[in-house]
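Novice: Pasting a predicted model and its sequence here:
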Amino acid sequence: MKGLGSVIGIVILLLIVAASVALILYYFDSFQAVGAELSQGQISIYDHENEDLSISATAYYSEVSHSDCGVGIGSYHGKALGIYKYNLSNITITITNTGKVPSTITYIIITNGRGVQLFIYYVGRTIAPSETVNIIIYPQQLYSPYWPNWQGAPIAQYIPYQVVNDSCHNQVTPYYSVPVSSLTQFGNIYWASLSYQLSV
């Protein structure tokens, strides 16, 4: 009887072990399936081809002074003509994530159109799909370290701090639609030409 009890005990133990192994294998297969799904999701999240951004950049100038064209008989007085001076308020860069994955904007880069970097600005901001952000750059940042002597900054040749529109002598301070680029963590670059808005 004692031997029979030992055999029964061994059989029960083997059944428990077999059931445990079967349970472990079942959950292992489930974990593998979940792991595969997570891996696939991770691949899509970090696939640079799923990234896409829409970007626009505008330099905003505010009027700081206006003078008429000359004095005396025959001179023109009024707001239609004259000498207008505008100072740069800021450059606003609007970025919309039109892709399928979150995108981290690492740098804003302004070049002269021939690939020479005139300005680089660290952002380090992540935006979700369909999210829009505004990145604002002020003159003190744009012309650093020359500010307030902005004329010494190389970028001032392309984006001047002050624009003078002299309709009396038909002269305007030159300014250029230089490329403004957004660099992401994937190494992708999205860019737009800088536009200008001179307002009273």
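Specialist: Nice, thanks for sending it over.

Novice: doesn't Glu49 make contact with Val101?
Specialist: No - assessed by C-beta atoms under 8 Å, Val101 is found out of contact with Glu49, at 9.6 Å. All C-beta spots, glycine's among them, are computed from the backbone N, C-alpha and C.

Novice: the more surrounded of the two?
Specialist: Remark: of Val101 and Glu49, Val101 carries more neighbours, 17 against 11, as counted by other C-beta atoms under 10 Å.

Novice: so what's the more buried one scoring on pLDDT?
Specialist: Looking at Val101, its pLDDT stands at 92.

Novice: Tell me the buried residues in the helix or strand harbouring Ile55?
Specialist: Using DSSP states H and E, Ile55 sits within strand 53-67. Neighbour-count burial for strand 53-67, counted by 16 or more other C-beta atoms under 10 Å, picks out 53, 55, 57, 59-61.

Novice: going on from that strand, what's the next piece of helix or strand?
Specialist: strand 83-97.

Novice: Might you report the residue contacts of the closest residue to Ser193 other than its chain neighbours?
Specialist: Closest residue in space to Ser193, ignoring its immediate chain neighbours: Ser177 at 4.2 Å, by C-beta to C-beta, 6 or more residues apart in numbering. The contact partners of Ser177, taken as C-beta atoms under 8 Å, 6 or more residues apart in numbering, are 193-196.

Novice: Repeat that for Trp191.
Specialist: By C-beta under 8 Å, 6+ apart, the residues touching Trp191 are 55, 179-182.

Novice: ok, the strand or helix carrying it: who's next to it in the sheet?
Specialist: Secondary structure assignment for Trp191, by DSSP H and E: strand 189-193. Applying DSSP bridges, strand 189-193 is found paired with strand 179-184 (antiparallel).

Novice: The partner strand to strand 83-97, inter-axis angle?
Specialist: Taking axes from the mean of the first three to the mean of the last three C-alpha atoms, to 10 degrees, one finds that strand 179-184 is oriented at 30 degrees with respect to strand 83-97.
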